[in-house]
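[1] The following comprises the amino acid sequence and a computationally predicted model.
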Amino acid sequence: MSQASPIVNARPDPSKLYRWGVLVFVSLAQFGNYYIYDSINPLERIFHDQLGFSASMFGWLNSSYSIAAVATLLLGGLIIDKVGVRQALLLFSALCLFGAALTALRGDFTTMVAGRTLLGLGAESQIITVTTALARWFKGKELSFAFGINLTIARLASIAADNSPTWAQWAFYPNGTSAEPSWHRPLVLAAVIGLICVISAVVYWAMEQYADSRYSLGKSGEPDKLSFAEGLKFNPSYWYVVALCFTFYCGIFPFRTFAIDLFISKILAGMGAAASNIADFAAAQQAAGFLNSFLPLSAMIATPLFGLLADKIGRRATFMVLGSLLMMPVYLMIAYAHVSYLIHISFFIPWVGKSLTLTLAPSLMLPVGMLGIAFSLIPAVMWPSVAYIVNEHRLGTAYALMSLIQQIGFFIFNWAIGKANDIAGASPSNPHGYALGMWIFSILGFLGLFFSYMLRRREIGPEAHGLETITTGSKA
């Protein structure tokens, strides 16, 4: 009597080269997304002078993004489930592009808010889609490393956007630094870079469609889905982690919204110059952009190192105590820093055919670097810690709820810091006016210390989940 032969899947796995090609294109789609979001950072003072924007109005450009992001998270990945990864990636990437184009259409507050809202609807959903795609292609292989590469490529876009007054000076100053800067061309540049979102999504569509008929692929990762009923069941350690992510991220992203204008004012004061001198303003803008980019740059370097260290020795709650102590003095150091001297570094760019000068302010680089190190602890230590605290089948709800609360925080702090800068009259002629906003940010450091202490206290007690003890050499 013959036995039935087992059914063998004749399709091979995709090659490593093919998978890494997929990683590159989904990461480039996210690159365009990140660049569009950060493209307005160097433009606050130009919006103020040419379009009549107050700091509160400028803050609303990112607050409106966060409102849309909250709506996106409430959808809970339903669109991805309904239409599939490749269709969703193209749809959300197109929304990012249309949002950038609408923002650049007119120098009108309502139009720009509408554009940033459209961006918020597409951008956060696109990030969820990219996460889902990577899980499909890399689960059981090099998933953690793939996520690290993806985040590195995305953060390079933030660095590029902050430094755009340097490498894209032609867009900011089309008639040279002796003439008024342009508010419009940098936004058009962001829309053009936004094309990367759509082009990369189209390439991914083709790659996945080709692979579906020839290779054995894993199931798409489960999108983060939000369930308030399940969220209420989470234990106190989870909520301490959520509170820490709230305090740290609200101290970083809204700060970056207003930081370039703050740094410009500090640097101009150090130069003994006025914003009305276009050449001096352009030099200060370039230096301020580099300072702002120093934050994600330092986080890119420190995040994998802290991740490795946490895996090696544990002590995750202790790391957050140290991060809070590092964060507490940073904003006041920035608020009361005196830029007594500047360092000018000139370098020749062959493809541009001319030399560019980079202006550095050492007295500001120290606190910004400290903030970057503190920032790196969240993706390296806190986000992975959720997997130790929450059951696997509820991780989607846990991460979605964390993201929702963070976006609510971004909305509040973008609005609050803009309002504080308006009330205090912060400007290049009144650089001390930024101190009120910096004091508000400093409160987050003290709250972070409290929540990290409470987390550590719980994690060294009888109800611990192993955040202080689990290492790569131990069993979870």
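    Received it, and whenever you're ready, just let me know what you need. Computed from a predicted structure; not experimentally measured.

[2] what residue ranges in the stretch 151-300 of the chain are flagged as low confidence?
    In the predicted model of the stretch 151-300 of the chain, residues 216-232 satisfy pLDDT under 70.

[3] In stretch 439-451, which residues are buried?
    I440, F441, S442, L444, G445, L447, G448, L449, F451 (16 or more other Cβ atoms under 10 Å). Where you see a C-beta, it was placed from the backbone N, CA and C, and this is true even at glycine.

[4] Which member of those is positioned nearest T357?
    Closest approach to T357 among the buried residues of stretch 439-451 (Cβ to Cβ): F441, at 30.6 Å.

[5] How are the strands of the stretch 351-476 of the chain distributed by residue range?
    354-360 (DSSP state E, counting those that start in this stretch).

[6] where do the helices sit along it?
    Taking DSSP state H, counting those that start in this stretch to define them, one finds helices in the stretch 351-476 of the chain at 362-377, 383-389, 395-424, 435-459.

[7] Which one, of those helices, ends up nearest to Y210?
    Going by Cβ to Cβ, the one of the helices of the stretch 351-476 of the chain nearest Y210 is helix 395-424, 29.0 Å.

[8] Point out the other helices and strands that the closest one packs with.
    Under the contact criterion of 3 or more Cβ pairs under 8 Å, 6 or more residues apart in numbering; DSSP states H and E, helix 395-424 touches helix 55-75, helix 228-231, helix 236-271, helix 383-389, helix 435-459.

[9] Looking at the ones you listed, which is nearest to R106?
    helix 55-75 (13.7 Å).

[10] How about V203, nearest residue that isn't a chain neighbour?
    In this structure, V203 finds its nearest non-sequential neighbour in F25, 4.8 Å apart by Cβ to Cβ, 6 or more residues apart in numbering.

[11] between the helix or strand containing the one you found and helix 236-271, how many degrees?
    In the assignment (DSSP states H and E), F25 maps to helix 16-38. Here the directions of helix 16-38 and helix 236-271 differ by 60 degrees (axes from the mean of the first three to the mean of the last three Cα atoms, to 10 degrees).

[12] CSV please, covering the helices and strands packed on helix 395-424 and showing distance to S39.
    Compiled in CSV, the helices and strands packed on helix 395-424 are given as follows (distance: least, Cβ to Cβ, whole Å):
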stretch, distance to S39
helix 55-75, 11
helix 228-231, 34
helix 236-271, 12
helix 383-389, 26
helix 435-459, 22
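
[13] I159: which of the ones you listed is closest?
    Per Cβ to Cβ, nearest to I159 of the helices and strands packed on helix 395-424: helix 236-271, 11.5 Å.

[14] how distant is the closest one from the center of its chain?
    In terms of Cα atoms, centre = their mean, to the nearest Å, the gap separating the centre of helix 236-271 from the centre of its chain is 11 Å.

[15] buried sites along it?
    Applying 16+ other Cβ under 10 Å to helix 236-271 flags 237-271 as buried.

[16] next one: stretch 405-424
    405-411, 413-422, 424.

[17] Likewise for stretch 368-386?
    So stretch 368-386, judged by 16+ other Cβ under 10 Å, has buried residues 368-382, 385-386.

[18] okay, now the domains of the protein?
    Dividing the chain into domains by automatic domain parsing, as the record does, gives the ranges 13-221, 224-476.

[19] Distance from the chain centre to stretch 55-71, please.
    The answer for stretch 55-71 is 15 Å, by Cα atoms, centre = their mean.

[20] Residues contacting that stretch, please?
    37, 40, 44, 47-48, 103, 109, 112-113, 116-121, 123-124, 253-254, 257-258, 261, 403-404, 407-408, 410-411, 414-419, 421-422, 426 (Cβ atoms under 8 Å, 6 or more residues apart in numbering).

[21] For it, list the C-alpha coordinates in CSV.
    Coordinates of the C-alpha atoms in stretch 55-71 are reproduced here as CSV (Å, rounded to 0.1, in the frame of the first residue of the first chain):
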residue,chain,number,x,y,z
ALA,A,55,5.3,81.1,15.8
SER,A,56,1.8,79.7,16.8
MET,A,57,0.8,79.5,13.1
PHE,A,58,4.1,77.7,12.3
GLY,A,59,3.5,75.2,15.1
TRP,A,60,0.1,74.5,13.7
LEU,A,61,1.7,73.2,10.5
ASN,A,62,3.0,70.2,12.5
SER,A,63,0.0,70.1,14.9
SER,A,64,-2.3,69.6,12.0
TYR,A,65,-0.1,66.7,10.8
SER,A,66,-0.5,65.1,14.3
ILE,A,67,-4.3,65.5,14.2
ALA,A,68,-4.3,63.6,10.9
ALA,A,69,-1.9,61.0,12.3
VAL,A,70,-4.3,60.3,15.2
ALA,A,71,-7.1,59.7,12.7
